[in-house]
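Chemist: No sequence on hand, only this structure:
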Ligand code: HEC
């Protein structure tokens, strides 16, 4: 049973990693200046959480701490700590989610799978995880 479940998990993961996201094309300076059009209110955070649960939890874990075996194995980022390797502004987070986390792109971008509006909701949600 346990082995079977790991097998299913691994298959889902491979499918997710084979996503169609393109490499990051928005320069970081441009990303840093982008303005989040979605107010970080309770409704936005709730819809961000729903999307996160569907699209991100398998790699970053339910709490965003990336403390699952799968998350550790692939080196997924802890989304609750103060470290943002690729920038901490809303715009920089938005671009990582849309275009992927380079330079290795172990995380592909969600362009075409998450609308821009939904991506801003996810930004608001992950920001709420640690209150930063
Ligand atoms: C296929 C697994 C996978 C999925 C699905 C995934 N991520 Fe990631 N994510 C990673 C990995 C692995 C890294 C670290 C990449 C690296 O450092 O090379 C990462 C990095 C990040 C970073 C960068 C953190 C930093 O410090 O720069 C953010 C932000 C992020 N992910 C958010 C998300 C969000 C939000 C979603 C859902 C919309 C998501 N991820 C879906 C695997 C994934």
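Modeler: Alright, I've got the coordinates. Here the structure is a predicted model, which is why all the values come from computation and not from measurement.
Chemist: So which residues of the chain form helices?
Modeler: Secondary structure of the chain, counting by DSSP state H: helices at 2-17, 28-33, 42-55, 57-60, 69-74, 90-99, 116-128.
Chemist: and the third one, which residues are buried?
Modeler: Of the residues in helix 42-55, those scored as buried under the neighbour-count criterion (16 or more other Cβ atoms under 10 Å) are 44, 45, 47, 48, 49, 51, 52, 55. The C-beta positions use only the backbone N, C-alpha and C, and glycine is treated the same way.
Chemist: Which residues are in contact with the spatially closest residue to residue 31 that is not a sequence neighbour?
Modeler: The spatial neighbour of residue 31 that comes closest, neighbours along the chain excluded (Cβ to Cβ, 6 or more residues apart in numbering), is residue 95 at 4.0 Å. Going by Cβ atoms under 8 Å, 6 or more residues apart in numbering, residue 95 touches 24, 26, 28, 31, 34.
Chemist: Measure how buried the residue nearest to the first one when sequence neighbours are not counted is and give me the count.
Modeler: Of all residues not flanking residue 24 in the chain, residue 99 sits nearest, at 4.0 Å (Cβ to Cβ, 6+ apart). Residues lying near residue 99 (other Cβ atoms under 10 Å) number 20.
Chemist: Would you mind saying which of the helices of the chain lies nearest residue 106?
Modeler: helix 69-74 (5.7 Å; Cβ to Cβ).
Chemist: That closest one vs the ligand: in contact?
Modeler: Yes: using Cβ under 6 Å from any ligand atom, helix 69-74 reaches the ligand at residue 74.
Chemist: Next: stretch 24-42.
Modeler: No: interface with the ligand: stretch 24-42 contributes nothing (Cβ under 6 Å from any ligand atom), its closest point being 10.9 Å away.
Chemist: Pull the distance from that stretch to the chain's centre.
Modeler: Computed by Cα atoms, centre = their mean, to the nearest Å, the separation of stretch 24-42 from the middle of its chain amounts to 14 Å.
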